[in-house]
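Asker: here are the coordinates; sequence isn't available:
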């Protein structure tokens, strides 16, 4: 089973890059499962129903989220009916949305989990390690895929080493910078951060001049998203269903 995971889609530029490159990626890799992190897809913060629907229409089997899950007020009007969207399990408010999506594939249960890091992150409700243990008990499945949305590389590595015999795929999101550390540990494919699908000539997707001014002059910013052409960052992971183990992981980065 081949899984394509696309890292944080940022704003219109990121959405355009995603839709532009998906046909090529489908032809090249013939992936079976498409997962997209959409927590920055609406003007850099949050997601709207229209954007969520556009991801589903593009073939996304699951849309994972992160710290900006609830940045748009209208999320509360559709999150309960967005059956392909999952939000971090251990981030408040916990009463809205689902943290896990289970998909049937060739007679196997594929579980996709959204976990939130505890280091340098806001609104953390529980330890990510203990949260994942609880979810493994609550949602039995054959293959487990985790979007670990967090800041600290050390926490992501510790999480991977703890779960690498129980989970087949752990991908980091949130930092918007793709790391060059993709590898197989135990049964698990891992990368510390998939990277950003968004404006290439920017500062993590934001307008570079605004951010430079913020740092240099120490002035507040409006969180303006760059409208420069977008890059796509992703990974393709091959999981052997018979051995229930990841066998390969490849980084993908397409610049404008």
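Answerer: Noted; the coordinates are in hand. This is a predicted model, so every value here is computed, not measured.
Asker: where does the chain dip in pLDDT?
Answerer: For the chain, no stretch is flagged by pLDDT under 70.
Asker: Which parts of it are helices?
Answerer: For the chain, the helices defined by DSSP state H occupy 11-29, 49-57, 128-138, 153-163, 208-217.
Asker: Need these in JSON lines (columns: distance to residue 146).
Answerer: For glycine as for every other residue, the C-beta is placed from the backbone atoms N, C-alpha and C. Below are the helices of the chain laid out as JSON lines (distance: least, Cβ to Cβ, whole Å):
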{"stretch": "helix 11-29", "distance to residue 146": "21"}
{"stretch": "helix 49-57", "distance to residue 146": "19"}
{"stretch": "helix 128-138", "distance to residue 146": "7"}
{"stretch": "helix 153-163", "distance to residue 146": "7"}
{"stretch": "helix 208-217", "distance to residue 146": "30"}
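Asker: Can you add mean neighbour count and give these back as TSV?
Answerer: Output for the helices of the chain, formatted as TSV (neighbours: other Cβ atoms under 10 Å):
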stretch	mean neighbour count
helix 11-29	18
helix 49-57	16
helix 128-138	16
helix 153-163	18
helix 208-217	13
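Asker: Now do the contacts for residue 55.
Answerer: Taking Cβ atoms under 8 Å, 6 or more residues apart in numbering as the criterion, residue 55 is in contact with 9, 18, 36, 38, 41, 63, 84.
Asker: Grab the nearest non-local neighbour of residue 202.
Answerer: Spatially, and ignoring its direct neighbours in sequence, residue 202 is nearest to residue 226 (3.8 Å; Cβ to Cβ, 6 or more residues apart in numbering).
Asker: Determine which of the helices of the chain approaches residue 192 most closely.
Answerer: Evaluated over the helices of the chain, closeness to residue 192 peaks at helix 153-163, with 5.2 Å, by Cβ to Cβ.
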